[in-house]
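# Next input, structure requested:
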Amino acid sequence: MSTHIQKYLFEAGLFESDSRLSFADISPDNFDEFQAVLEKVANKKSPSGMSKEMDTLKYILKVLKTNKEYDADDDFILGTYKRIKQEIDHKGSDQLDNLLSKLLSGKTSDSIKTSHATFINSSIMADKVFKERVNELESFLKTLKSPHNKTLGNNLVVRFVRKEESKSSAKYKRDKDEIYLRPDRKITDGDGYGSFVYVLLHELGHRYEESHNTKEFESVEWITTPYSMKDTLSGNEHFAELFALSHWPEKYPKYQDQIKKFLEKVK
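You can find the predicted model right below:
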């Protein structure tokens, strides 16, 4: 059992502090324990972005109740276990553990509003790590100057998401005006190419495109990194890459001429 779930169970007086309750370890021996906990959270509001996991918890509870109601024999119990295990394997025990933790703690969403953005955790990232990431990104946003800081208005939302919500490490969701970041993807540390702050600024470049005419940057003269040559769901990547690169011109001397021209045009 993860320590955060164990803590809430103990404080709620549900089980002893040395209890071991994790969806990864579910078995007929602890069916009653799982049913007791799930009955306490089944009617609670689903945390933001976790409705599918909530449906899975309710399904598991339903199966456990049926198992107990019919005073099942060994074959029935084995069938119950297989059905539950299949659901857990499909959804992921870590995600279900995280959901249970949120429900037991009374949290329906994890969000932190800073002076520059609202950060939302819809991923399975632990609270401590989420807060660390928010501090890192907020500290970075404070350093932005024109033209980069022009992307920070109008209620900027940065959402940490699960793999089901984004195939790429990051993307700008135009329909929601939100930036999605995948915390489970391997990201470069610090502020180097491919770091969290770099990909955030790249996606802010796409947000800038929404309110400015950047069509001239679609020509080949604005190609820089190999990634800039791609056409993605966000569109042409020339502008967004230069938007990020131009914050650290000294780091990318290879593109200094393009960066200089870019900053002259984008004010």
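
# going forward, measure contacts between C-alpha atoms and count neighbours the same way
Noted.

# so which helix or strand takes in residue 179?
Per DSSP states H and E: residue 179 is located in strand 178-181.

# Can you report how many residues lie near the closest residue to residue 246 other than its chain neighbours?
Nearest residue to residue 246, sequence neighbours excluded (C-alpha to C-alpha, 6 or more residues apart in numbering): residue 259, at 5.5 Å. Residue 259 has 23 neighbouring residues, counting by other C-alpha atoms under 10 Å.

# and if you look at residue 69?
9.

# Residue 220 too?
Residues lying near residue 220 (other C-alpha under 10 Å) number 11.

# does residue 208 really touch residue 152, like I thought?
No. Using C-alpha atoms under 8 Å, residue 208 makes no contact with residue 152, being 9.3 Å away.

# And the pLDDT for the residue located most distally from the centre of the chain?
Most distant residue from the mean C-alpha position of the chain: residue 73, 42.0 Å away (C-alpha atoms, centre = their mean). pLDDT recorded at residue 73 is 78.

# how close does it sit to residue 80?
For residue 73, the distance to residue 80 equals 11 Å [C-alpha to C-alpha, to the nearest Å].

# same check, this time on residue 23
For residue 23, the distance to residue 80 - C-alpha to C-alpha - is 14 Å.

# likewise residue 55?
For residue 55, the distance to residue 80 (C-alpha to C-alpha) stands at 17 Å.

# mind listing the helices in the stretch 151-267 of the chain by residue range?
Along the stretch 151-267 of the chain, the segments classed as helices by DSSP state H, counting those that start in this stretch run 196-211, 238-245, 256-265.

# cool, and the stretch 1-150 of the chain?
Using DSSP H, counting those that start in this stretch, helices in the stretch 1-150 of the chain cover 3-11, 31-41, 51-69, 74-91, 93-105, 127-141.

# and the helices of the stretch 151-267 of the chain, which is most packed in?
Compared across the helices of the stretch 151-267 of the chain, helix 238-245 shows the largest average neighbour count, a mean of 24 (mean count of other C-alpha atoms under 10 Å).

# by contact count, what packs against it?
If contacts are counted by 3 or more C-alpha pairs under 8 Å, 6 or more residues apart in numbering; DSSP states H and E, helix 238-245 sits against helix 196-211, helix 256-265.

# contacts for that helix?
Identification of contacts with helix 238-245 by C-alpha atoms under 8 Å, 6 or more residues apart in numbering yields 148, 198-199, 201-206, 214, 217-218, 222-225, 227-229, 252, 259, 262.

# how about a cut-off of 7 Å?
Applying C-alpha atoms under 7 Å, 6 or more residues apart in numbering, the contact partners of helix 238-245 are 198, 201-203, 205-206, 217-218, 222-223, 228-229, 252, 259.

# ok, now stretch 155-172?
Here stretch 155-172 makes contact (C-alpha under 7 Å, 6+ apart) with 117-123, 178-183, 185, 199, 203, 206-207.

# ok, of the residues you listed, which come out buried?
For these, a neighbour count by 16 or more other C-alpha atoms under 10 Å gives the buried set as 117-123, 178-183, 199, 203, 206-207.

# And the chain, split by domain according to the record?
By the assignment in automatic domain parsing, the chain contains the domains 3-105, 111-265.

# need the least confident one among those domains, by mean pLDDT.
domain 3-105 (a mean of 80).

# Confirm for me that the residue nearest to residue 246 is in contact with residue 248.
No. Residue 259 lies out of contact with residue 248 (C-alpha atoms under 7 Å); the separation is 9.5 Å.

# picking that back up, tell me which of the helices of the stretch 1-150 of the chain is the most buried.
Among the helices of the stretch 1-150 of the chain, helix 93-105 has the highest mean neighbour count (mean count of other C-alpha under 10 Å), at a mean of 20.

# what's it packed up against?
With contacts defined as 3 or more C-alpha pairs under 7 Å, 6 or more residues apart in numbering; DSSP states H and E, helix 93-105 has these neighbours: helix 3-11.

# let's go with 8 Å and repeat that
So helix 93-105, by 3+ C-alpha pairs under 8 Å, 6+ apart, packs with helix 3-11, helix 31-41, helix 51-69.

# thinking again about what came up before, now the strand holding residue 179, how far from the centre of its chain.
Offset of strand 178-181 from its chain centre (C-alpha atoms, centre = their mean, to the nearest Å): 8 Å.
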